[in-house]
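**Q** sequence isn't available, so here's the structure alone:
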Ligand code: MLC
Ligand code: AMP
């Protein structure tokens, strides 16, 4: 069954139920069905065909949801994009994906039009109307209709291409099918005891698998209600939970850190919340314990990737082990593999590899990277870990230099490539520095050209607009040279954020 069919069955069960509360607006499932149907019908008037790629560059809100669902209802493939992306990221994604259409906020239109590459039709999503700006001039986008080309959409067809940071410095498009998304959300709903009576508080950004594939898809699949926020604000979250307006919260560890560090936490009674779920980055046992002491809840930690959606989770009813990402989800096989691709026993650390209906179809336009990503039909996650005797997975590191800052992934190479184009920079290396709030923060080590000096503010100004803000180094250390091993590889574990000059 396609994701579309799953969502359509919810619409027919609960047409008048409020699905989302967003900034004073209430949106029912019936309204979502109508708007998403109109989006689908309107896309077909723009020669969108099954398999066409359509990007969404919108802030959190109902319009983003209408656009995403409408694209899939038209049989097309959606590409979620972070509004913080700069020129470099967008040019690459549009070139690589050949996205034909983009839904965006009217304010972002001038920025898009300045890019080297952009889709043939831009749909500016305004409060009153949706305006089409494209080859055939400017006009209204939305037409009446309810096109659901569901009969033809199969489990194996692509629903989404999600860009995830790439080791080579440019992001890779992970091709995710209807079957991947549908099977995973169905599994999670059962595993987490998520029903139509749930009230989800969703403050995650909706351009990653966490907010979209879990948060939005969970609401669509269960028919539960959701308070959706433009962004995360710890005081606001605690007030909503204290008033008993939500029963489920999902977040990244940085959010839980901020909830735990709030002034005077005893003001808040969170006893009416059923479940707190954390993922996208490691939740430290210290934070797990502090949250339990303050609010009486054991956070349920789970583990996933854009390419696999969710793989493991601590149980709802069994033991939630601090520092562990839990048990393989039903129907999903998780193995630990050694250097030669051999399977390792419990207690032995190796690369985490996953097989199941959740595994993506491969990287767009990258057959080599796709081939390398699999061993014996298992997807290699790049994460290192081991199983304990009770079958719980513990992650212990990563094979690559990936930095995870507040739940966002940053590959050093991408940031280095841009810093290296600065005229005062001879050479740069970027690494993750441990940080209590963000987990890791991005830091640049720079060998300046000649006698030049370079300030953090100057570097930030240079990078702004080229790459997303969360990738911009929080600090810079000037060094006379980068430490290298005999092979000439920079030894990042030897770089410390104190001045080396
Ligand atoms: C924001 N900024 C960050 C940052 N988030 N810097 C480093 N790391 C981060 N994570 C910077 C912005 O660029 C900006 O800088 C300044 O902080 C303020 O921006 P903001 O938007 O007001 O930030 P804030 O609200 O504080 O954001 C923190 C946060 C956010 C934790 C709420 O980072 C967040 O929503 N993270 C969730 C990411 C996520 O959903 N990941 C899922 C990936 S999927 P300036 O200088 O530009 O003003 C995945 C699979 C799985 O991993 O398992 O789930
Ligand atoms: P992304 O490519 O943005 O989907 O990020 C996927 C990566 O996030 C994984 O490969 C892990 O390194 C990391 N991740 C996700 N969940 C967890 C978790 N619970 N603990 C530690 N790391 C996690």
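**A** Ah, there it is. All of these numbers come straight from a predicted model, not from anything done at the bench. Ligands and ions are numbered 1, 2, ... in the order given.
**Q** how close does the spatially most central residue of the chain get to residue 393?
**A** In the chain, the residue lying closest to the centroid (Cα atoms, centre = their mean) is residue 208, at 2.3 Å. Taking Cβ to Cβ, to the nearest Å as the measure, residue 208 falls 21 Å from residue 393. (Glycine included, C-beta is placed from N, CA and C.)
**Q** and if you look at residue 364?
**A** Residue 364 is 29 Å from residue 393, by Cβ to Cβ.
**Q** okay, those two: which has more neighbours?
**A** Neighbours of residue 364 and residue 393, each counted by other Cβ atoms under 10 Å, are more numerous for residue 393; the result is 23 against 20.
**Q** so that one touches residue 384, yeah?
**A** No. At 11.0 Å, residue 393 does not count as touching residue 384 under the criterion of Cβ atoms under 8 Å.
**Q** tell me, what's touching those two both at once?
**A** With contacts taken as Cβ atoms under 8 Å, 6 or more residues apart in numbering, the residues that reach both residue 393 and residue 384 are residue 352.
**Q** any buried residues in stretch 252-265, and which?
**A** Going by neighbour count (16 or more other Cβ atoms under 10 Å), the buried part of stretch 252-265 is 252, 253, 254, 255, 256, 257, 258, 259, 260, 265.
**Q** narrow those to those in helices?
**A** In this view, the buried residues of stretch 252-265 that belong to helices under DSSP state H are 253, 254, 255, 256, 257, 258, 259, 260.
**Q** state the distance from the second one to residue 74.
**A** Yep, that's residue 254 we're talking about. Taken as Cβ to Cβ, the span from residue 254 to residue 74 is 36 Å.
**Q** ok, the fifth one next?
**A** For residue 257, the distance to residue 74 under the criterion Cβ to Cβ works out to 41 Å.
**Q** related to what we said a few turns ago, looking at the ones in helices among the buried residues of stretch 252-265, spot the one nearest ligand 2.
**A** residue 253 (8.0 Å; Cβ to the nearest ligand atom).
**Q** which one is the closest one nearest to, not counting chain neighbours?
**A** Closest residue in space to residue 253, ignoring its immediate chain neighbours: residue 283 at 4.7 Å, by Cβ to Cβ, 6 or more residues apart in numbering.
**Q** okay but the one you found is in contact with residue 256, surely?
**A** Yes. With contact defined as Cβ under 8 Å, residue 283 reaches residue 256; the gap is 6.8 Å.
**Q** mutual contacts of these two, please.
**A** residue 299.
**Q** and the contacts of the helix or strand of the chain with the lowest mean pLDDT?
**A** One helix or strand of the chain scores below all others by mean pLDDT, DSSP states H and E: strand 137-140, with a mean of 88. Contacts to strand 137-140, defined as Cβ under 8 Å, 6+ apart, come from residues 129, 130, 131, 132.
**Q** contact partners for the closest residue to the last one other than its chain neighbours?
**A** So the one you mean is residue 132. Beyond its immediate neighbours in the sequence, the residue positioned closest to residue 132 (Cβ to Cβ, 6+ apart) is residue 141, lying 4.1 Å away. Residues counted as contacts of residue 141 (Cβ under 8 Å, 6+ apart) are 42, 123, 129, 130, 131, 132.
**Q** what packs against the longest helix seen in the chain?
**A** Identified as the longest helix of the chain according to DSSP H is helix 29-45. If contacts are counted by 3 or more Cβ pairs under 8 Å, 6 or more residues apart in numbering; DSSP states H and E, helix 29-45 sits against helix 3-13, helix 62-73.
**Q** spell out which residues of the stretch 301-450 of the chain are next to ligand 1.
**A** Within the stretch 301-450 of the chain, the positions near ligand 1 by Cβ under 6 Å from any ligand atom are 304, 305, 306, 405, 406, 407, 408, 438.
**Q** apply 5 Å and report the result again.
**A** Contact residues (Cβ under 5 Å from any ligand atom) of the stretch 301-450 of the chain with ligand 1: 304, 405, 406, 407, 408.
**Q** now, the most widely separated pair of those residues?
**A** 304 and 405 (17.4 Å; Cβ to Cβ).
**Q** so which bits of stretch 133-153 are buried?
**A** For stretch 133-153, by 16+ other Cβ under 10 Å, it's 133, 134, 141, 142, 145, 147, 148, 149, 150, 153.
**Q** next: stretch 161-173.
**A** Judged by neighbour count (16+ other Cβ under 10 Å), stretch 161-173 contains these buried residues: 161, 162, 163, 164, 165, 166, 167, 169, 170, 171, 172, 173.
**Q** could you check the angle helix 62-73 makes with the helix or strand hosting the first one?
**A** Right, residue 161. Per DSSP states H and E: residue 161 is located in strand 158-164. Orientation check (axes from the mean of the first three to the mean of the last three Cα atoms, to 10 degrees): strand 158-164 against helix 62-73 gives 130 degrees.
**Q** what is strand 158-164 packed up against?
**A** Contact analysis of strand 158-164 by 3+ Cβ pairs under 8 Å, 6+ apart lists strand 77-80, helix 87-97, strand 172-177, helix 178-191 as its packing neighbours.
**Q** coming back round to it: which one of the helices and strands packed on helix 29-45 lies closest to ligand 1?
**A** Where the helices and strands packed on helix 29-45 are weighed against each other on Cβ to the nearest ligand atom, the nearest is helix 62-73, at 14.0 Å.
**Q** and the closest residue to residue 82 other than its chain neighbours, what element?
**A** Spatial nearest neighbour of residue 82, chain neighbours left out: residue 207 (4.8 Å); criterion: Cβ to Cβ, 6+ apart. Taking DSSP H and E as the definition, residue 207 sits outside all helices and strands.
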